[in-house]
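[1] pasting a predicted model and its sequence here:
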Amino acid sequence: MKTVKLLFFSFFLLVLYSCRSVPKDIAYLQGIDDYKDKLKELSLDDKVYKFQDQDQLIISVSSPEPNQERVAQFNLPANSFLSAGETQLRATGSIQTYVVDSNGDIYFPVLGKIHVEGKTRVELRDYLVEKLKKYIVDPIVSVNIDSAFVTVLGEVESPGRISYPGEKMTIFDALGGVEDLTIYGNRKNVLLLRETDNHLETARIDLTDPEIIFSPYFYLKQRDLIVVEPNATKKKSANYGVAENYNLSMISLLFTAVSLISSLFLMLKTK
């Protein structure tokens, strides 16, 4: 009887050791329902993307102007470039892109140097429309950003660079683009690195906290880097994996030995 109790006790210890507690703090934006009123007051006007240096802008001009040659001068061929000392046009397939230089400027045909840093897509479009009215009838200007991207590394399913054609991308958009965090990703301490005014800014983000929606890091900026660090479970596994495997092996060996002794005892008892 004592042997049976010992066997049961050994099995109970094995179960306790093997069962892992369910990781906590997995859900994003916990308690978001408590922020309904605050979200209604949130203005998104200041969340619109503003151009910065090294952005590549796709700008096209059209018009009902009878003389289309006048319009054509504002749409240079993709393989053309402006005069020496001015910003070169980069070709993306058959599309021309204007690269914002370190001073925040581009050089536009006929109009010359235009400061675009800090302007939104709509602001630049309206500015060009007003300037082009002097040259063509009812100008139609399209302004878009090309090759906008952020990079996500660490404990995510598919780390890498995420491109986005729109003006805005949230941190959750970026994480969705890499197929979300792994179960070992630390959701409460995500690192974000951002280039700001020629220096590197860092921030720590708690993805489980609804307050992130109101932070300056909820909407990402061009070339942001997101690093998802491993949680405590993954760190422990990495640091003590060998020891844990050894302990499991020892418990398994102990369980086998107890089972063998119990079987032998029962056999001897029945004789």
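    Good, I have the coordinates.

[2] for this protein, which residue occupies the most central location?
    By C-alpha atoms, centre = their mean, the mean C-alpha position of the chain lies nearest to Ala174, the distance being 3.1 Å.

[3] would you say it is within a helix?
    Yes: according to DSSP: H, G, I helix; E, B strand; the rest coil, the state of Ala174 is that of a helix.

[4] isn't it right up against Leu220?
    Yes: here Ala174 reaches Leu220: they are 6.0 Å apart, a contact under C-beta atoms under 8 Å. For every residue, glycine as well, the C-beta is placed using N, CA and C.

[5] hey, what's in contact with both of these two?
    Val150, Ile226 (C-beta atoms under 8 Å, 6 or more residues apart in numbering).

[6] for Leu175, which residues are in contact?
    Val152, Val156, Leu181, Leu207, Ile226.

[7] separate out the buried members of these.
    Burial by neighbour count, 16 or more other C-beta atoms under 10 Å: within those this picks out Val152, Val156, Leu181, Leu207, Ile226.

[8] so of those residues, which ones are in strands?
    Val152, Ile226 (DSSP state E).

[9] state the pLDDT value of the closest residue to Ser215 other than its chain neighbours.
    Leaving aside its sequence neighbours, Ser215 sits nearest to Ile205 (C-beta to C-beta, 6 or more residues apart in numbering; 7.4 Å). With respect to pLDDT, Ile205 has a value of 96.

[10] quick one: Ile205 and Val190 touch, right?
    Yes: using C-beta under 8 Å, Ile205 makes contact with Val190 at a distance of 4.5 Å.

[11] tell me, how many neighbours does Pro66 end up with?
    Applying other C-beta atoms under 10 Å, we find 9 other residues in the vicinity of Pro66.

[12] same deal with Tyr107?
    That count, for Tyr107 with other C-beta under 10 Å as the rule, works out to 19.

[13] just how off-centre is the helix or strand it falls within within its chain?
    Using DSSP states H and E, the element containing Tyr107 is strand 105-108. The chain centroid and the centroid of strand 105-108 are separated by 30 Å under C-alpha atoms, centre = their mean, to the nearest Å.

[14] other SSEs contacting that strand?
    strand 95-99, strand 112-115 (3 or more C-beta pairs under 8 Å, 6 or more residues apart in numbering; DSSP states H and E).

[15] highest mean neighbour count out of the ones you listed?
    strand 95-99 (a mean of 20; mean count of other C-beta atoms under 10 Å).

[16] please save the CA atoms from that one in CSV.
    Taking Å, rounded to 0.1, in the frame of the first residue of the first chain, the C-alpha atoms of strand 95-99 are listed here in CSV:
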residue,chain,number,x,y,z
ILE,A,95,7.3,56.3,-62.1
GLN,A,96,9.4,59.3,-61.1
THR,A,97,10.0,60.0,-57.5
TYR,A,98,11.3,63.2,-55.9
VAL,A,99,13.6,62.5,-53.0
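
[17] run me through the strand neighbours of it, direction for each.
    strand 56-62 (antiparallel), strand 89-92 (antiparallel) (DSSP bridges).

[18] weakest of those strands in terms of mean pLDDT?
    strand 89-92 (a mean of 50).

[19] return the distance of Lys113 relative to Val100.
    12 Å (C-beta to C-beta, to the nearest Å).

[20] so Ile213 sits in a strand?
    No: looking at Ile213 with three-state DSSP, it is helix, so not inside a strand.

[21] pretty sure it contacts Glu41?
    No: contact between Ile213 and Glu41 fails when scored by C-beta under 8 Å: they sit 11.8 Å apart.

[22] higher neighbour count, these two?
    Ile213 (17 against 6).

[23] spit out the contact partners of that one.
    Leu29, Tyr35, Leu39, Leu42.

[24] what's the closest of these to Ser163?
    Closest approach between these and Ser163, by C-beta to C-beta: Leu29, at 25.1 Å.

[25] residues in contact with that closest one?
    Leu207, Thr208, Asp209, Pro210, Ile212, Ile213.
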